[in-house]
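Undergrad: Return atomic coordinates for the entry below.
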Amino acid sequence: MSNLEDKTRAVWRGARHASVGLELGVAVAIGALGGWWLDGKYGWSPWGVCIGTLLGVAAGINSLVRVVRDVQREAAEDDRREEQPKDGE
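TA: Numbering: from 1, shown residues only. Just a heads-up that it's a prediction; the model follows:
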């Protein structure tokens with residue numbers, strides 16, 4: 001693999017990892033806003049916001065776990081790639 005491909009892969013990997021915080025925040029916000037809407041529509045206050053926020057946190061953690069698994073898988077693939085002898089050696 002060329003040096004440019006390695007750098008490109010690293011940039012994309014970094015961008016994906018940097019988006020985890022944004023994904024977590026958006027998931028919590030969507031859950032809280034959905035709960036707030038349910039509170040207003042059905043008069044469930046404060047349970048709608050509480051449950052919506054908890055569901056948003058759960059969705060955000062699920063996203064975080066998925067990214068961590070992807071990182072571990074990619075690291076294992078990189079290790080295998082580095083262990084393989086290169087052509088001409």
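Undergrad: Could you pull out the strands in the chain for me?
TA: With DSSP state E as the criterion, the chain has no strands.
Undergrad: By residue count, tell me the biggest helix in it.
TA: helix 3-42 (DSSP state H).
Undergrad: In contact with residue 75, which residues?
TA: With contacts defined as Cβ atoms under 8 Å, 6 or more residues apart in numbering, residue 75 has no neighbours. C-beta coordinates here come from the backbone N, C-alpha and C atoms, glycine included.
Undergrad: helices and strands around the longest helix of the chain, which ones?
TA: On a contact count with 3 or more Cβ pairs under 8 Å, 6 or more residues apart in numbering; DSSP states H and E, helix 3-42 meets helix 47-83.
Undergrad: mind listing what the closest residue to residue 46 other than its chain neighbours touches?
TA: In this structure, residue 46 finds its nearest non-sequential neighbour in residue 39, 6.9 Å apart by Cβ to Cβ, 6 or more residues apart in numbering. Residues near residue 39 by Cβ under 8 Å, 6+ apart: 45, 46, 47, 48, 49.
Undergrad: let's see it at 10 Å
TA: Residue 39 sits next to 45, 46, 47, 48, 49, 50, 51, 52 when contact means Cβ atoms under 10 Å, 6 or more residues apart in numbering.
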